[in-house]
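Chemist: A predicted structure for the sequence below; I have some questions about it.
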Protein chains: 2
Amino acid sequence: MGASKTDQFSDQQNKIASIAKALGHPARIAILEVLLSKNDCICNDIVDELPLAQATVSQHLRELKLAGIIKGSVSGKTICYCIDEAVFKTLTDFLGHATIQIQTCKC
Amino acid sequence: MGASKTDQFSDQQNKIASIAKALGHPARIAILEVLLSKNDCICNDIVDELPLAQATVSQHLRELKLAGIIKGSVSGKTICYCIDEAVFKTLTDFLGHATIQIQTCKC
DNA sequence: TTTTCATATCGTAATATTGCAATCTGTAAA
DNA sequence: TTTACAGATTGCAATATTACGATATGAAAA
């Protein structure tokens, strides 16, 4: 074995996990921060601001795209990356609901 | 290479990423859901409710513990696991701030 | 003390992720 | 067209994660 037993869990659980997983790397958090801080979100800017090679950044962007967190649209010679608020919200909602349910620990 | 270049990113970025990473597996989402749904959070219950072997569940609990998301305190023969609201909040806050900053995409 | 039960840890195999150089693709300028 | 540039993809090596059987640990019950 070694592979995740994703089929044993609900779609909801897998969905939330995959979004969280996509956020589970400092480079991807850094990418989001760059996207958030700019109006014009061109990939080259991101590469310039990260301590990683172009190929690696492109790969991280792919992960974020696969999880649905960002969307990229071709804009001439460059690509415009934007955050998809809706998908982002799936995780926020889960965390919100969870937080409400947290009880004072009896132990 | 292959290892994460964590030292190239800020403590904040690493912290948020590590919490998100810990949530990045459906089994760990399922574990949290079990913990949230019960007042008495004994590990054995968790094992019973997950489609994974005891050793595997224990390992997932360890990951959540390492990320600071849950805390386990020995309670006689069993262990009581509880969610740490504060650490949980670190991610919620990041997502909250991010959401506010999201701008309508110009592209 | 021996047994039993709950959980952790170890060892190991399968698979996934991370990172980068090199290369490919597609667009716009020359 | 050729050139140049922005990104994506490929291939590969290093490392990390996932899963589980087997075993260890530690506490209460017998």
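Modeler: Noted; the coordinates are in hand.
Chemist: and the lowest-mean-pLDDT helix or strand in chain A with DNA strand C, contact?
Modeler: The weakest-scoring helix or strand in chain A, judged by mean pLDDT, DSSP states H and E, is strand A:70-75 (a mean of 85). Yes - Strand A:70-75 reaches DNA strand C (Cβ under 7 Å from any atom of the strand) through A:Val74. (Each C-beta comes from the backbone N, C-alpha and C, glycine too.)
Chemist: after that strand comes which helix or strand?
Modeler: Downstream of strand A:70-75, the next assigned helix or strand under DSSP states H and E is strand A:78-83.
Chemist: that next one relative to strand A:70-75, how many degrees between them?
Modeler: Relative orientation of strand A:78-83 versus strand A:70-75 (axes from the mean of the first three to the mean of the last three Cα atoms, to 10 degrees): 150 degrees.
Chemist: can you list the low-confidence ranges for chain A?
Modeler: By pLDDT under 70, the low-scoring segments of chain A are A:1-2, A:39-41, A:106-107.
Chemist: contacts for the helix or strand encompassing A:Gln12, please.
Modeler: Assigned by DSSP H and E, A:Gln12 belongs to helix A:11-22. With Cβ atoms under 8 Å, 6 or more residues apart in numbering or on different chains as the test, helix A:11-22 has contacts from A:6, A:9, A:28, A:63-64, A:66-69, A:87-88, A:90-91, A:94, B:20-21, B:23-26, B:28-30, B:33.
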